[in-house]
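*Asks:* give me the fold of what follows.
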Amino acid sequence: METQTTQTTETANYRWIRSDKGAVAGVCAGLSQAFGIETWILRVIWLVAILWFGSGVLLYLILAVCLPRVDKLDHALDGKLLGVCARIAKRYRMEVGLVRTAFVLLAMFTFGAAILGYGLCYFLIPKTDEPVSRSKSAGVF
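*Replies:* Alright, predicted model coming up:
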């Protein structure tokens, strides 16, 4: 007997997700469901990418780590590493899987310089639980 999970409004419109019934990590199955294409088409594309300098393996692993699973969407916006990507996703109403994937790719291509920016964002981006307010003395002299 399968139980259906109720999705909150924050996670109901996710397109970049992994399936819980995929062959390896569910990346192809999840993305094919989200974009309305056949799973075998994505798997052929991944196979071609694997044969093309092995880049498909790396991209598949990055997506498997960064994209939330469909059965765990209620926890998709939980912070993983300091919660910076989740904060960015909440603040700008973006998909957290895309934000995490973008950061991982940016960290790889900038040879770690993005990690410094990630640390700075931890201190600069307010938590969504905290109200964004101006200083208490604004307008009072």
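*Asks:* what about the helices in this protein?
*Replies:* If you assign secondary structure with DSSP state H, the helices in the chain sit at 27-35, 39-51, 55-66, 84-91, 96-109, 113-124.
*Asks:* and the first one, which residues are buried?
*Replies:* When you say that, I think you mean helix 27-35. Using 16 or more other Cβ atoms under 10 Å as the test for burial, helix 27-35 gives V27, C28, A29, G30, L31, S32, Q33, A34. For the C-beta atoms, the positions are set from N, CA and C on the backbone; glycine is no exception.
*Asks:* can I get it in PDB, CA atoms only?
*Replies:* Only the C-alpha atoms of helix 27-35 are listed here, as PDB (Å, rounded to 0.1, in the frame of the first residue of the first chain):
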ATOM      1  CA  VAL A  27      18.100  11.400 -11.700                       C
ATOM      2  CA  CYS A  28      17.000  10.300 -15.200                       C
ATOM      3  CA  ALA A  29      13.600   9.100 -14.000                       C
ATOM      4  CA  GLY A  30      12.900  12.200 -12.000                       C
ATOM      5  CA  LEU A  31      14.000  14.600 -14.700                       C
ATOM      6  CA  SER A  32      12.000  12.700 -17.400                       C
ATOM      7  CA  GLN A  33       8.800  12.900 -15.300                       C
ATOM      8  CA  ALA A  34       9.400  16.600 -14.600                       C
ATOM      9  CA  PHE A  35      10.000  17.500 -18.200                       C
END
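*Asks:* packing partners for it?
*Replies:* When contacts are defined as 3 or more Cβ pairs under 8 Å, 6 or more residues apart in numbering; DSSP states H and E, helix 27-35 sits against helix 39-51, helix 55-66.
*Asks:* contacts for the shortest one next, please.
*Replies:* In this case it means helix 55-66. Outside helix 55-66, the residues within contact range by Cβ atoms under 8 Å, 6 or more residues apart in numbering are 18, 24-27, 31, 46-50, 97, 100-101, 104-105.
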